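1. Structure for this input, please:
(chains A, B, C and D)
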2 protein chains.
Amino acid sequence: MTSPPPSDPGLPDAELLRLDHQVCFSLQAASRAFGGVYRDALKELGLTYPQYLAMMVLWEHGPLPVKTIGERLHLDSGTLSPLLKRLESAGLVRRERSPEDERSVIVHLTEAGTGLRERALSVPRTILGATGLSVQEVLALQETLARLTDSLSRAGRTG
Amino acid sequence: MTSPPPSDPGLPDAELLRLDHQVCFSLQAASRAFGGVYRDALKELGLTYPQYLAMMVLWEHGPLPVKTIGERLHLDSGTLSPLLKRLESAGLVRRERSPEDERSVIVHLTEAGTGLRERALSVPRTILGATGLSVQEVLALQETLARLTDSLSRAGRTG
DNA sequence: CGTAATTGAGTTGTGCGCAATTAAGTTATG
DNA sequence: CATAACTTAATTGCGCACAACTCAATTACG
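-> Here you go, the predicted model:
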């Protein structure tokens, strides 16, 4: 339990009352801007950004149950199930029940899914270039965002 | 035209290839964490976060056409039209055609909508507290996000 | 004046994110 | 062994975001 900074005196209320909403707002703006860039970059691959994330997890770790993919991406089955079905319809993955635990559905890459990785390799560099940020800034931003997310999640659970 | 840092040599490719996706990922994680906190904070008001944003714009500026609300929130009519209809169904706003320009729909607050502002006043402080960030960090974060969003938008249009 | 181009809302369709529920399989317990 | 508790996916329903489109109103131009 670190003591979070209290309601941060030093600025007038009216100022504070605007700051917070703008943080979230700026965050969503950046998030949506990313979405646009990824949309363009992924269009020729026929993937959306969340689908791309799921594929990245599979490219990196091989066959995984839905549960694990969900944990990596912080997504639940309500989001993943239809997403993975779309990837399956596109012929990129196969879903098979685990013989060991029939509750688990293991998601495998198909040949096409594995092959797609080659064409996806250029995407990250494109995106990084589009951010216009230095590596230092990226790292600092991630550090701040990680702490922010942690605080917010904690507040959601306990507050 | 500032010269954006080039593909940032100095780190191996494999490292860079992971960074970018994690920025967007961290961003979305933070964004979703905010969503959760706002969801809790706004539950008793019967508003979602985007609805809350729309209400804030109206509380601040009075009656506005859909167009202007969309510009403020960076949302198009495809998102706003149903959202505003839900607010109207909830009795918080009224939508009226502008007599000067019959294409415009002016969104007005109702008594209930105006009254809701009182109950919404406590929300921002709650959120700010949940972020666990200092004011300096908030300001720095916003500055970075603004630049990031700007670069990404520019990349989307021109790239 | 009359037609063309533009503008502002709305509609439709796709996909994501989340809550709540259901169903089926597994594990623990009496 | 039988039942209860838990786990894993899937489904349903709602709302947001965006693209593509339609429609009516306005503005610009010949």
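
2. From the contact counts, what lies against the longest helix anywhere in chain A?
-> Ranked by residue count, the top helix of chain A under DSSP state H comes out as helix A:13-43. In this structure, helix A:13-43 packs against helix A:49-61, helix A:123-131, helix B:13-43, helix B:49-61, helix B:123-131, helix B:135-158, with contacts taken as 3 or more C-beta pairs under 8 Å, 6 or more residues apart in numbering or on different chains; DSSP states H and E. C-beta coordinates here come from the backbone N, C-alpha and C atoms, glycine included.

3. could these be laid out in JSON lines, adding distance to DNA strand C?
-> Below are the helices and strands packed on helix A:13-43 laid out as JSON lines (distance: least, C-beta to the nearest atom of the strand, whole Å):
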{"stretch": "helix A:49-61", "distance to DNA strand C": "4"}
{"stretch": "helix A:123-131", "distance to DNA strand C": "16"}
{"stretch": "helix B:13-43", "distance to DNA strand C": "4"}
{"stretch": "helix B:49-61", "distance to DNA strand C": "11"}
{"stretch": "helix B:123-131", "distance to DNA strand C": "15"}
{"stretch": "helix B:135-158", "distance to DNA strand C": "16"}
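
4. any chance of those helices in a markdown table, plus mean neighbour count, mean pLDDT and distance to A:Arg72?
-> Formatted as a markdown table, the helices and strands packed on helix A:13-43 follow (neighbours: other C-beta atoms under 10 Å in any protein chain shown; pLDDT from 0 to 100; distance: least, C-beta to C-beta, whole Å):
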| stretch | mean neighbour count | mean pLDDT | distance to A:Arg72 |
| --- | --- | --- | --- |
| helix A:49-61 | 19 | 97 | 5 |
| helix A:123-131 | 21 | 91 | 17 |
| helix B:13-43 | 19 | 89 | 10 |
| helix B:49-61 | 18 | 97 | 25 |
| helix B:123-131 | 21 | 92 | 25 |
| helix B:135-158 | 17 | 89 | 24 |
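
5. Wait, A:Leu45 touches A:Tyr38, no?
-> No - A:Leu45 is beyond contact range of A:Tyr38, at 10.4 Å (criterion: C-beta atoms under 8 Å).

6. okay, which residue is most central for chain A?
-> The residue lying closest to the centre of chain A (C-alpha atoms, centre = their mean) is A:Leu73, at 5.5 Å.

7. number of nearby residues for the residue of chain A found nearest DNA strand C?
-> Nearest residue of chain A to DNA strand C: A:Gly78, at 2.6 Å (C-beta to the nearest atom of the strand). Around A:Gly78 there are 9 other residues, counting by other C-beta atoms under 10 Å in any protein chain shown.

8. residues contacting the residue nearest to A:Glu137 when sequence neighbours are not counted?
-> Distances taken as C-beta to C-beta, 6 or more residues apart in numbering or on different chains put B:Thr144 closest to A:Glu137, at 6.3 Å, once the chain neighbours are dropped. Shown in contact with B:Thr144 (C-beta atoms under 8 Å, 6 or more residues apart in numbering or on different chains): A:Leu133, A:Glu137, A:Ala140, A:Leu141.
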